[in-house]
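1. quick one, structure for this:
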Amino acid sequence: MNIDWSLLILAVGLAFVFEGIPYFLFAERMPLMLIRLAEQPPKFLRFIGLAAIILGLLVISFGRSLHP
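-> Down below sits the predicted model:
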């Protein structure tokens, strides 16, 4: 398997961009959101994490289907 390192670096950079958007747009609300998130039970956080992983894999699969 040949890894395209530049594509991996671009993907990590894009992840940082998406992670930073809520902090930039909702800076005043983020502390309260983080406190609420910290109060959630681990089972709920695992579910949210799994949902994010599945959604990410679906987006990657869709993107790969568009690439010749």
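2. contacts, neighbours, all on C-alpha from now
-> Noted.
3. low-confidence stretches in this structure?
-> Screening the chain residue by residue with the criterion pLDDT under 70, one finds the ranges 1, 68.
4. could I get the full set of helices for it?
-> Taking DSSP state H as the test, the helices found in the chain are 5-25, 30-38, 42-66.
5. could I get those helices in TSV, plus columns for mean neighbour count?
-> Output for these, formatted as TSV (neighbours: other C-alpha atoms under 10 Å):
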stretch	mean neighbour count
helix 5-25	11
helix 30-38	11
helix 42-66	11
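6. need the phi and psi values for Pro41.
-> With angles defined as degrees, to the nearest 10, Pro41 shows backbone torsions of phi -70, psi 150.
7. for Ile3, see how far away Ile35 is.
-> Using C-alpha to C-alpha, to the nearest Å, one obtains 39 Å as the distance from Ile35 to Ile3.
8. same question but for Lys43, I mixed them up
-> With distances taken as C-alpha to C-alpha, Lys43 is found 34 Å from Ile3.
9. before we move on, what about Leu10?
-> In this structure, Leu10 lies at 13 Å from Ile3, with C-alpha to C-alpha as the measure.
10. just Leu57 next, same as before
-> Applying C-alpha to C-alpha, one obtains 17 Å for the distance of Leu57 from Ile3.
11. same thing with Tyr23?
-> On the measure of C-alpha to C-alpha, Tyr23 and Ile3 end up 32 Å apart.
12. got it, and Ala52?
-> From Ala52 across to Ile3, the span is 23 Å (C-alpha to C-alpha).
13. go on, Ala15?
-> 18 Å.
14. and Gln40, by the same measure?
-> When distance is defined by C-alpha to C-alpha, Gln40 is 37 Å away from Ile3.
15. show me which of those two is the more surrounded one.
-> The neighbour count for Gln40 versus Ile3, taken as other C-alpha atoms under 10 Å, is higher for Gln40 (10 against 7).
16. how far does stretch 37-48 stretch from start to finish?
-> For stretch 37-48, the separation between the terminal residues is 11 Å (C-alpha to C-alpha).
17. chain center to it, what's the gap?
-> The gap between the average C-alpha position of stretch 37-48 and the chain average comes to 16 Å, counting by C-alpha atoms, centre = their mean, to the nearest Å.
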